[in-house]
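Asker: below is the sequence, then the predicted model.
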Amino acid sequence: MQLIVTAINKAYASVQAVKQVSFQINSGEIFALLGPNGAGKSSIIRMLVGMTRPDSGSIMISYQDQHYDHVPRRLLGYLPEDRGLYPDKSIEKNLLYLAQLHGLTKAQALTEMDGWLQVFELTERRHDELKQLSKGNQQKVQLIAAVLHQPALVILDEPFSGLDPINQEKVVEFLRQLKARGMTVILSAHQMAMVEKLADHMLLMAHGQVVLAGTLEHIRAQGQSQRQMKVGFAAAVSMEQLQQLSGIASAEALSGHYWLLTLADTVTVALCLQQLLQLAELTQVEMQTADLHQLYLAAMAKHQPGGAV
Ligand SMILES: Nc1ncnc2c1ncn2[C@@H]1O[C@H](COP(=O)(O)OP(=O)(O)OP(=O)(O)O)[C@@H](O)[C@H]1O
């Protein structure tokens, strides 16, 4: 399974929801679409699953030497933004019904279901009606429903929404299991800490456009313009001493003999360390790396109207 999306655009009435978006997803990857409300994530997903068509640009899905302009239903496991199961039916009946719609026999559906119910600790509740379940548990049933038929591609629109931190971790585990089974996964999310653990590639969007794209390391390299280092000295060092070093752009005193230093643009880490060692012995050196949440906030700040980009 490979997806190549090239310069797609989508407008609704006066809103240009998606603008010139391109990306590629390879087989077996977990790919995350990130961005604030209204960024265009669901609009892209709806085009991938064939619910709407791009106004321009192209989508090419390749699977076993066949090519498609959207993901064929038989290859797709989809958790839509608007969830929809039968509240008066039990977990088991809901899942059986959906699995059979996808062509599974009852026996196949029950076997598949058993495994996933265990993953989400819902085995004991399989005969409960959906309306008796918490929002989080209903969400888990939706996730199971999306993958029972073992699709090649799973698209999950906000799989973490409405879940507490423990259940969010369960979804992380669920997604890892999908990847281990060879499925390709596309998800949209706001939970950066979860995405950071999982996604092979990600696309950060704002106002319908791509802001940052790539692996976490690549995004870090694009988004983190400053290199920062936390250092501990064996003896007291003053701000004046640090400011005199050509390798240090700025310094912030932390507690004890610890400092957060921003390196000058051109200096190597090795040269900077040599300069610091002339002031005092170092007890700790730690390069600071921004997490996805910080990178996301910095990228979004730049993309505010009137921002730097
Ligand atoms: N059917 C529609 N008709 C008109 N405008 C729409 C429609 N669907 C989406 N939009 C608009 O397109 C833009 C992108 O919406 P979209 O739902 O794709 O964003 P999103 O990133 O998925 O947001 P969220 O995180 O809130 O789900 C928004 O301005 C939204 O109001």
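Answerer: Sure thing, it's come through.

Asker: please make it C-alpha for all contacts and neighbour counts, starting now.
Answerer: Will do.

Asker: the strand or helix carrying V185 pairs with which strands?
Answerer: Applying DSSP states H and E as the criterion places V185 in strand 184-189. In the sheet, strand 184-189 lines up against strand 30-34 (parallel), strand 153-157 (parallel) (DSSP bridges).

Asker: distance to the ligand and mean neighbour count for those strands - can I get that in CSV?
Answerer: Listed next are these as CSV, based on distance: least, CA to the nearest ligand atom, whole Å; neighbours: other CA atoms under 10 Å:
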stretch, distance to the ligand, mean neighbour count
strand 30-34, 8, 26
strand 153-157, 8, 25
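
Asker: list the buried ones in the strand or helix carrying Q284?
Answerer: Taking DSSP H and E as the criterion, Q284 maps to strand 282-288. Of the residues in strand 282-288, those with enough neighbours to count as buried (16 or more other CA atoms under 10 Å) are L282.

Asker: does any part of the strand holding V185 sit near the ligand?
Answerer: No. Residues of strand 184-189 contacting the ligand under CA under 6 Å from any ligand atom: none, with a closest distance of 7.5 Å.

Asker: report the rounded mean pLDDT for that strand.
Answerer: Strand 184-189 comes out with an average pLDDT of 96.

Asker: now it, how far from the chain's geometric center?
Answerer: Taking CA atoms, centre = their mean, to the nearest Å, one finds the center of strand 184-189 at 7 Å from the center of the full chain.

Asker: just the C-alpha atoms of the strand holding Q284, please, in CSV.
Answerer: The C-alpha coordinates for strand 282-288 follow below in CSV (Å, rounded to 0.1, in the frame of the first residue of the first chain):
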residue,chain,number,x,y,z
LEU,A,282,31.3,20.6,34.3
THR,A,283,29.2,18.2,36.3
GLN,A,284,26.4,17.8,33.8
VAL,A,285,25.9,18.5,30.1
GLU,A,286,22.5,17.8,28.4
MET,A,287,21.4,19.0,25.0
GLN,A,288,17.8,20.1,25.1
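
Asker: which residues touch it?
Answerer: R227, Q228, M229, K230, V231, G232, F233, A234, L276 (CA atoms under 8 Å, 6 or more residues apart in numbering).

Asker: could you count how many residues lie near the second one?
Answerer: Burial of Q228 is recorded as 22 neighbouring residues (other CA atoms under 10 Å).

Asker: for the stretch 101-250 of the chain, what spans make up the strands?
Answerer: Per DSSP state E, counting those that start in this stretch, the stretch 101-250 of the chain carries strands over the ranges 153-157, 184-189, 201-206, 209-214, 228-233, 248-253.

Asker: so L130 makes contact with G84?
Answerer: No. Look at L130 against G84 with CA atoms under 8 Å: they stay out of range, at 11.0 Å.

Asker: more neighbours, those two?
Answerer: Just comparing L130 and G84: by other CA under 10 Å the higher neighbour count belongs to L130, 23 against 9.

Asker: what sits against that one?
Answerer: By CA under 8 Å, 6+ apart, L130 lies in contact with Y86, P87, D88, K89, S90, I91, Q138.

Asker: for the first one, phi and psi?
Answerer: Per-residue torsions, Y86: phi -90, psi 110 (degrees, to the nearest 10).

Asker: likewise the fifth one?
Answerer: The phi and psi values for S90, taken as degrees, to the nearest 10, are phi -70, psi 170.

Asker: I'd say M239 and A251 touch.
Answerer: Yes. With contact defined as CA under 8 Å, M239 reaches A251; the gap is 7.1 Å.

Asker: residues in contact with the strand holding V185?
Answerer: With CA under 8 Å, 6+ apart as the test, strand 184-189 has contacts from 1, 26-35, 41-42, 152-161, 175, 178-179, 195.

Asker: what about the nearest residue to T6 once chain neighbours are set aside, which helix or strand?
Answerer: In space, and not counting its chain neighbours, T6 is closest to S22: 4.4 Å by CA to CA, 6 or more residues apart in numbering. Element membership for S22, per DSSP H and E: strand 15-25.

Asker: elements contacting that strand?
Answerer: With contacts defined as 3 or more CA pairs under 8 Å, 6 or more residues apart in numbering; DSSP states H and E, strand 15-25 has these neighbours: strand 2-12, helix 41-48, strand 209-214.

Asker: can I get the ones you listed in TSV including mean pLDDT, distance to G223 and mean neighbour count?
Answerer: Below are these laid out as TSV (pLDDT from 0 to 100; distance: least, CA to CA, whole Å; neighbours: other CA atoms under 10 Å):
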stretch	mean pLDDT	distance to G223	mean neighbour count
strand 2-12	97	22	18
helix 41-48	95	20	22
strand 209-214	93	8	20
